[in-house]
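Visitor: Got a predicted structure plus its sequence, pasted below:
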Amino acid sequence: MTAFRAADRHRVAVLVRSGVLPLELGLVHQLFGAAAGSGGTPLYEVVTCALTPGPVLTNADFPIRVLHGPEALAEADTVVVPATHEEGEPEIAGRLGPALVGAFARIRPGTRIASVCTGAFVLAAAGLLDGRRATTHWKSTERFRRLFPAVDLDPDVLYTDEGGVLTSAGEAAGIDLCLHMIRCDHGAAVANDAARSTVVPPHREGGQAQFIPRPVPEPARRSSTGVARAWALKRLDRPLTLRELAAQESMSVRTFTRRFREEVGLTPVQWLTQRRVERARQLLEETDLPIDRVAADAGFGTATSLRHHLQTAIGVSPSAYRTTFRGPDGAARDRRGALQEPPPRSRW
């Protein structure tokens, strides 16, 4: 079947593969479908296509029926490639199979091409990301780097826009990417209306670094600096000096610093800052302590210092981070966003 088209609308083709995530497919249709001009005139038409028309498995317990084949790509102004739950050739070997090569050959020069989540593997395997900045889901960054060293991977952002080739991080970051494209095409007012109609924020602060789980506190290891690290973890609220840390191992500062870097891969100051950021994140998520108190308990001293270090580490302010993971009512959220019972209100 040939893709339908309307001459006055921007055409978006979504190329799905077996194991497609329904949320990623649905969000493209929902957001572009909600973008309207004056009088409610639709600004986009969205068509789903597959390498072979017919039933396509999803990562849920239902398939989807795709009416259009790869010929729909030749009619598109924008092509979107969602992720797939099943690992295919781009994800495993870093190359496109013959069917994907043929499909991409149909895309007209100048067509905007975007990926959602690990759909970036397909764009990279097609050579579209070489020398460009790109992102993908944080869980897949190491594999992506191994397969595509020519790509400038940025694992911290929600999406990238490199002049007609765009990538986004996890599933929900596809929402941010679609709104960005709508905003570029038709302005902030249209994008804001599309966001409002689907009850999503028109813009999210920060990047995906804030969603990466905090590492668990490391135990003391059988190493020449493990005792000092365990000692420091119990005293993060205090100003800690290199001399104090070195003293826990009966070493000179110079020797301690050298061995610390050999074992941990960071300087003691860098390691302390990371542990303090983790502590601050825990306090922001699990308590209702004032920001000044969080800063003090995490060892940053002042709210200004905490704000600087949190912004540098994960791209958001303390208040924005707390709102994301606790909500405006103070209830803590788990990493899936589910509400948990708020902890007892602190005396502080």
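Guide: Arrived safely, thanks for sending. Numbering: from 1, shown residues only.
Visitor: Low-confidence ranges, the chain, go.
Guide: 1-7, 202-223, 325-348 (pLDDT under 70).
Visitor: how about the helices in it?
Guide: With DSSP state H as the definition, the chain shows helices at residue ranges 22-34, 89-93, 98-105, 120-125, 141-147, 173-186, 188-197, 226-233, 242-248, 253-264, 268-286, 291-297, 303-314, 318-326.
Visitor: looking at the ones you listed, which is buried most?
Guide: Most buried of the helices of the chain, by mean neighbour count (mean count of other CB atoms under 10 Å): helix 120-125, with a mean of 26. To be clear about C-beta, it is placed using only N, CA and C from the backbone, and glycine gets the same treatment.
Visitor: neighbouring contacts of that helix?
Guide: Applying CB atoms under 8 Å, 6 or more residues apart in numbering, the contact partners of helix 120-125 are 81, 89-91, 94-96, 100, 113, 115, 129-130, 134-136, 140, 144, 147-148, 151, 165, 167.
Visitor: Buried subset of these, written for PyMOL?
Guide: Entered in PyMOL, the line below selects the buried ones among the contacts of helix 120-125, by 16 or more other CB atoms under 10 Å:
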select buried, resi 81+89+90+91+94+96+100+113+115+129+134+135+136+140+144+147+148+151+165+167
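Visitor: returning to what we had before: specify the stretch among the helices of the chain that is closest to residue 43.
Guide: helix 173-186 (6.0 Å; CB to CB).
Visitor: then the closest one to CSV, C-alphas only?
Guide: What follows is helix 173-186, C-alpha atoms only, in CSV (Å, rounded to 0.1, in the frame of the first residue of the first chain):
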residue,chain,number,x,y,z
ALA,A,173,13.0,11.5,25.9
GLY,A,174,11.3,10.8,22.6
ILE,A,175,8.6,13.2,23.8
ASP,A,176,11.2,15.9,24.4
LEU,A,177,12.6,15.3,20.9
CYS,A,178,9.2,15.4,19.1
LEU,A,179,8.3,18.6,20.9
HIS,A,180,11.7,20.1,19.9
MET,A,181,11.0,19.2,16.3
ILE,A,182,7.5,20.8,16.4
ARG,A,183,9.0,23.8,18.1
CYS,A,184,11.6,24.2,15.3
ASP,A,185,9.0,23.7,12.6
HIS,A,186,6.2,25.9,13.9
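Visitor: on that earlier part again, among the contacts of helix 120-125, which are in strands?
Guide: Among the contacts of helix 120-125, the ones falling in strands (DSSP state E) are 81, 113, 115, 134, 165, 167.
Visitor: ok, of these, which one's closest to residue 256?
Guide: Nearest to residue 256 among these: residue 134, at 39.3 Å, using CB to CB.
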